[in-house]
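Chemist: Sequence and predicted structure below; questions after.
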Amino acid sequence: MKDEPFTPQAYTSSIESGSFTWSSPSNIALVKYWGKKEQQIPQNPSVSFTLDHCKTTTTLSFSKKEDQDAFSFDVFLDGDKKDDFKPKIETFFKRIEAYLPFLRNYHFKIGTSNTFPHSSGIASSASGMSALAMCLMSVEKLLMESDTALSTDKSIMSDDFFIQKASFLARLGSGSACRSLEGDLVVWGKHNEIDGSSDLFGIKYPFEVHKNFKNYQDTILLVDKGEKQVSSTVGHNLMHGHPFAQERFKQAHKNLSSLIRVFKEGDLDTFIEIVESEALTLHAMMMASMPYFILMKPNTLEIINKIWAFRQATNSKVCFTLDAGANVHVLYPENELDKVCEFIKNELVAYCQNGHYICDVIGFGAKLINN
Ligand code: DP6
């Protein structure tokens, strides 16, 4: 696998200090990434909707330090120092060091905040790692542009390269994070029918998408706001030696192939079939692994049954997906907004912990807030 394009030519960092702020959203997979090789190389391709409101904003401040011995950084969440976040970031820095040679030259202050509550059961790793990757790329771009020996051309790094390398780095932090930088649909993982798709980074879905999918809605029902029962590392590992793993990886390729036509034609019935089957297959994989887990809660099943009954009674195109937890993502087209919101309020909110839910919509990825 070729990752050389992401190893930069040597540059001297003449900049003393600076700061960048990026926001980056979460994403919800339609075809799921479940099972990985070393360094978050996925076992199968996946595709996701980028979200809009659920996001992390990260400010990365950097100042030159004397020695280049160890990584030096502090992490803050909503202004509070978070030393328990440090090991994850230390691991991330180790993994990306070869691609960002300036990492040991600076002390970093990483200030982060999420629009969704920390204890909402919504994983912040996709939005958090992608926001941090964008900040780090901004630093690299600045250093390269300021290195007069490299070139006087201010456009050394193209926007396409910037985003591709940021996605590559984000993947090394958390696999699904590489799908958060752009929108509204992102593919990650090599797929035969999708030119440019790669196991190394996410790409914007390159084909035609029907207007039925524009501004698609995602209402996240918070069924269980606790810490994740199964960490993603443990979860992905369950696919090693799993009796159904190879068939599952094949199925993901097939589902992504089918979605190409679905996206083009706006075929919402087949979309529902694939998306709900993907969600249930993800959970079925967990139930059939050793050790086995049930991550759905009774209220998850109540919600699924209510959605099915509503669809049957009203011909609505509402459907659900799940990530590796009990919360339910309710997906529906924009033209059903009023009808489905009414249904959610009347029939589904009762199954949410403290009645909490988050209304989101498809978005377009990371944004530079300031530098
Ligand atoms: C079920 O990206 O959290 O949400 O690469 O170990 O950080 P790591 O895993 P992570 O896994 C996400 C799994 C999923 C499906 C998906 O988002 O595709």
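Modeler: Everything's here; your move. Bear in mind that the values here come from a model prediction, so they are computed numbers and not experimental data.
Chemist: The worst-scoring helix or strand of the chain on mean pLDDT: which residues count as buried?
Modeler: In the chain, the helix or strand scored least confidently by mean pLDDT, DSSP states H and E is helix 232-237, which has a mean of 91. Along helix 232-237, these residues count as buried under the neighbour rule (16 or more other C-beta atoms under 10 Å): 232, 235-236. Every C-beta, even on glycine, is put in place using the N, C-alpha and C of the backbone.
Chemist: And the next helix or strand after that helix, what's buried?
Modeler: With elements assigned by DSSP states H and E, the helix or strand that comes after helix 232-237 is helix 245-265. Buried residues in helix 245-265, counted by 16+ other C-beta under 10 Å: 245, 248-249, 251-253, 255-256, 258-260, 262-263.
Chemist: got CSV for the buried residues of helix 232-237, with distance to the ligand too?
Modeler: CSV is the format used below for the buried residues of helix 232-237 (distance: C-beta to the nearest ligand atom, whole Å):
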residue, distance to the ligand
232, 3
235, 7
236, 5
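Chemist: Could you dump those residues into CSV with distance to residue 222 added?
Modeler: Listed next are those as CSV, based on distance: C-beta to C-beta, whole Å:
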residue, distance to residue 222
232, 19
235, 20
236, 24
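Chemist: got a list of what residue 210 touches?
Modeler: 263-266 (C-beta atoms under 8 Å, 6 or more residues apart in numbering).
Chemist: quick one: pLDDT of the closest residue in space to residue 7 that isn't next to it in sequence?
Modeler: Nearest in space to residue 7, with sequence neighbours left out and distances taken as C-beta to C-beta, 6 or more residues apart in numbering, is residue 99 at 5.8 Å. With respect to pLDDT, residue 99 has a value of 97.
Chemist: how about low-confidence regions in this structure?
Modeler: Residue ranges of the chain with pLDDT under 70: 1-3, 119-121, 148-155.
Chemist: So for residue 129, what's the nearest residue that isn't a sequence neighbour?
Modeler: Excluding its sequence neighbours, the residue lying closest to residue 129 (C-beta to C-beta, 6+ apart) is residue 173, at 3.3 Å.
Chemist: Let me see the backbone angles for residue 370.
Modeler: Residue 370 has phi and psi values of phi -160, psi 170 when expressed as degrees, to the nearest 10.
Chemist: Residue numbers of the stretch 201-350 of the chain in contact with the ligand?
Modeler: For the stretch 201-350 of the chain, the residues found near the ligand under the criterion C-beta under 6 Å from any ligand atom are 232-233, 236, 282, 323-324.
Chemist: Pretty sure residue 205 sits against residue 187.
Modeler: Yes - between residue 205 and residue 187 there is a contact under C-beta atoms under 8 Å: 5.4 Å.
Chemist: Give the residues shared as contacts by those two.
Modeler: 47, 194.
Chemist: who has more neighbours, the two?
Modeler: residue 187 (24 against 21; other C-beta atoms under 10 Å).
Chemist: Was I right to think that one contacts residue 201?
Modeler: No - using C-beta under 8 Å, residue 187 makes no contact with residue 201, being 10.2 Å away.
Chemist: helix or strand for residue 308, which one?
Modeler: helix 298-314.
Chemist: Give me the helices and strands touching that helix, please.
Modeler: strand 319-322, strand 328-332 (3 or more C-beta pairs under 8 Å, 6 or more residues apart in numbering; DSSP states H and E).
Chemist: Swap in 10 Å and give it another go.
Modeler: Secondary-structure packing of helix 298-314 (3 or more C-beta pairs under 10 Å, 6 or more residues apart in numbering; DSSP states H and E): strand 217-221, helix 268-287, strand 319-322, strand 328-332, helix 337-343.
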